[in-house]
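Student: Everything below, folded, please.
(chains A and B)
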2 protein chains.
Amino acid sequence: MTIRVMLVGLGPIGVGVARQLASRAGFEIVAAVDVDPTKLGRDLGDVAGLGCTTGSEIVGDPVAAARASAPTVAVACTGSTLAGAWPLFDALLGQRVPIVSTTEELSYPWHGNAVLARRIDDAARAAGVAIVGTGVNPGFAMDALPIALTSICTRVDAIHIDRIQDAATRRASFQRKIGAGLTPQQFAAAVEAGTVRHVGLAESIAMIADALGWTLDRTTDEIAPKIADAPVASEVVAVRPGQVAGIVQDGTGFVDGRPAIVLHMEAYLGAPESRDTVHVQGTPDLHVEARGGYPGDIATSSIAVNTIPKVLAATPGLHTMRTLALPSFAG
Amino acid sequence: MTIRVMLVGLGPIGVGVARQLASRAGFEIVAAVDVDPTKLGRDLGDVAGLGCTTGSEIVGDPVAAARASAPTVAVACTGSTLAGAWPLFDALLGQRVPIVSTTEELSYPWHGNAVLARRIDDAARAAGVAIVGTGVNPGFAMDALPIALTSICTRVDAIHIDRIQDAATRRASFQRKIGAGLTPQQFAAAVEAGTVRHVGLAESIAMIADALGWTLDRTTDEIAPKIADAPVASEVVAVRPGQVAGIVQDGTGFVDGRPAIVLHMEAYLGAPESRDTVHVQGTPDLHVEARGGYPGDIATSSIAVNTIPKVLAATPGLHTMRTLALPSFAG
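Tutor: This next block holds a predicted model:
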């Protein structure tokens, strides 16, 4: 049976989802929504670069689109914050549409956004459908996967996770989000303004802590620039020595005053080798490394698509990657 | 709230589970069952080497034990085959006791043992409780974990999984199960008799295939001896050159005539470095390695204990690691 998907948000991740849905068996895109006036009225195939016309025209009103297209599920890729995405979720849940979203703060909202989490959970239960936030990070590399690894431990003392990425392989908006090409002063101002940052470390830390039954004293989330010491360039930006090549971000969850959950991210142009590593300190000790890492953009659009059958099979309410059935490719 | 556990089967894995339950918060062992006449009537603390007396005496009748102790859940570690374990499962489900079992063939019985799987599922639904088979392998290293990795793929062409273990670190019964110390002739006879083998490759292959939506043409499961070329010894056995140091076992799942799921195991005394690797051939390509591997014995008893809360939260019926919520340490 074909799953009828309504797509909301046609930025880089939404376009990646559109391409997958168009090319993978079992899915049909029945509506495409965006707020960008330059996209409205155009064919989805044109906007998403599908190389064909889909007959699906980008519209601006998600409620009207849901009513007209009767989707099985919506995939929402509109932004990072829950406050920003909440009106959309509220509107779609009002139409009883299950939701998979790449909104980072939805991945584990029970600590940082508890009031909105409760509202979303209530709205989803009232609608009789499930909603979940997912992505490669948060949603997989620094939370769900490390949590799954702890299932073979009889004791866990600490978790250290490193995610090192050569940002030159990432989408243009990601390269901007990590400040590539800025001066150190511009970088500091952008961090202050909240425009340069990875959103999700606090959510990943909270997810891990809850999975392990740990109570967090506090969580820190610190951002520093990676300064280029030699010229480095991607297709998007050229960075001179002394300028910012990317970001170093450290999230730490403290338990009984001890840094028990330590997430370290580096994403910059010219990183020598992308990799994701997990070190579970416990019994047994586990050292797991993904050589080459989990590629950010394709992995996020993939896990969004692959999570669709899981959310359709889930009980009504707000889910997280902890409560859905084992993640997997949707074959 | 303390989870009241009834333990059935006090071989090496059951004893490992007993030790964890005795030392971890949130669990209480309320009954201990074994068929071995040398264990009956003895205190569990004595049999399991807990270093203390528990007041729990090993009894022989699981039904009487369940009636007397009103357990929240049973952990059953009695053997590898579903045919062998079925009478126990039937009896416990008849008492409405949820079950976590390390019986390898229970991990994914829908292909190789479909008739018994149906009976177990029916009995569990009738009892209103859940039952699952788990362990490090099958249950994690060569199925659940690789399946979770595919969640970030937009395409999967093949999966290759290698599990290399220095068997000297494993329990005595495991070293016997891999034929360490046999002559090649004895090894061939033991393979023929079914006493030397790892049980679970067919189950892991079936679990992966179903997760990916693949239809298997056929599955092969081949066993060869690893012959020692130099003397090698563990605390259990000394192996001379020309004798068997352990086992090499290859399981392959064919899809459209192609070896799409390739599981390779080596477990022998003197393996230079234990490791578990997963190579997902697809988009993206993934290479994930656990340095030092997932240690077999402690990992199996750990995942059995950690799965208890998952099975208690699950809907009634026969589950697998695919259908339970994300595996994790039970904190």
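Student: With only the CA atoms kept, save the helix or strand bottoming out on mean pLDDT in chain A in CSV.
Tutor: Across the helices and strands of chain A, mean pLDDT, DSSP states H and E gives its lowest value to helix A:172-177, namely a mean of 89. Written as CSV, here are the backbone C-alpha positions of helix A:172-177 (Å, rounded to 0.1, in the frame of the first residue of the first chain):
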residue,chain,number,x,y,z
ALA,A,172,25.4,25.3,1.7
SER,A,173,23.1,26.2,4.5
PHE,A,174,24.9,23.9,6.9
GLN,A,175,28.2,25.5,6.0
ARG,A,176,26.7,28.9,6.8
LYS,A,177,25.3,27.6,10.0
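Student: where does the stretch 201-331 of chain A come near chain B, residue by residue?
Tutor: By CB under 8 Å from any CB of the partner chain, the residues of the stretch 201-331 of chain A that approach chain B are A:211-214, A:283-292, A:294-295, A:298-303, A:305-307, A:321-331. Where you see a C-beta, it was placed from the backbone N, CA and C, and this is true even at glycine.
Student: What about these, which are in strands?
Tutor: If you go by DSSP state E, those have A:283, A:286-291 in strands.
Student: If any of those residues are buried, put those into a ChimeraX selection.
Tutor: Selection of the buried residues among those in ChimeraX, burial being defined by 16 or more other CB atoms under 10 Å in any protein chain shown:
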select /A:286,287,288,289,290,291
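Student: Confirm A:Asp162 sits in a strand?
Tutor: Yes - assessed by DSSP: H, G, I helix; E, B strand; the rest coil, A:Asp162 belongs to a strand.
Student: surely it meets A:His264?
Tutor: Yes - using CB atoms under 8 Å, A:Asp162 is in contact with A:His264, at 4.8 Å.
Student: Disregarding flanking residues, what is the spatial nearest neighbour of the residue of the stretch 1-150 of chain A found nearest chain B?
Tutor: Relative to chain B, the nearest point of the stretch 1-150 of chain A is A:Thr150 (3.8 Å; CB to the nearest CB). Leaving out its chain neighbours, the residue that sits closest to A:Thr150 by CB to CB, 6 or more residues apart in numbering or on different chains is B:Phe329, at 3.8 Å.
Student: Do I have it right that that neighbour meets A:Val156?
Tutor: Yes - B:Phe329 is within contact range of A:Val156, at 5.2 Å (criterion: CB under 8 Å).
Student: And the two? Which one has more around it.
Tutor: Remark: of B:Phe329 and A:Val156, B:Phe329 carries more neighbours, 27 against 22, as counted by other CB atoms under 10 Å in any protein chain shown.
Student: Model confidence for that one, exactly?
Tutor: We have a pLDDT of 98 for B:Phe329.
Student: And A:Ala290, how close does it get to B:Asp285?
Tutor: Distance from A:Ala290 to B:Asp285, counting by CB to CB, to the nearest Å: 10 Å.
Student: Now the common contact residues for those two.
Tutor: By CB atoms under 8 Å, 6 or more residues apart in numbering or on different chains, A:Ala290 and B:Asp285 have no common neighbours.
Student: which SS class is the residue nearest in space to the middle of chain A?
Tutor: Nearest to the geometric centre of chain A sits A:Gly135, at 3.4 Å (CA atoms, centre = their mean). Look at A:Gly135: counting by three-state DSSP, its state is coil.
Student: can I assume it is in contact with A:Val305?
Tutor: No - look at A:Gly135 against A:Val305 with CB under 8 Å: they stay out of range, at 11.6 Å.
Student: ok, for whichever residue of the stretch 151-300 of chain A sits closest to chain B, nearest residue in space, not its chain neighbours?
Tutor: Proximity to chain B, evaluated over the stretch 151-300 of chain A using CB to the nearest CB, is greatest for A:Gly213 at 2.2 Å. In space, and not counting its chain neighbours, A:Gly213 is closest to B:Gly331: 2.2 Å by CB to CB, 6+ apart.
Student: which ones are touching that neighbour?
Tutor: Shown in contact with B:Gly331 (CB under 8 Å, 6+ apart): A:156, A:211-214.
Student: Put the buried members of those into a ChimeraX selection.
Tutor: Only the buried members of the contacts of B:Gly331 enter the following ChimeraX selection, criterion being 16+ other CB under 10 Å:
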select /A:156,211,212,214
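Student: Tally up the residues packed near the residue of the stretch 1-150 of chain A closest to chain B, please.
Tutor: Using other CB under 10 Å, the number of residues around A:Thr150 comes to 25.
Student: Just say helix, strand or coil for it.
Tutor: Per three-state DSSP, A:Thr150 ends up helix.
Student: per-residue confidence for it?
Tutor: 98.
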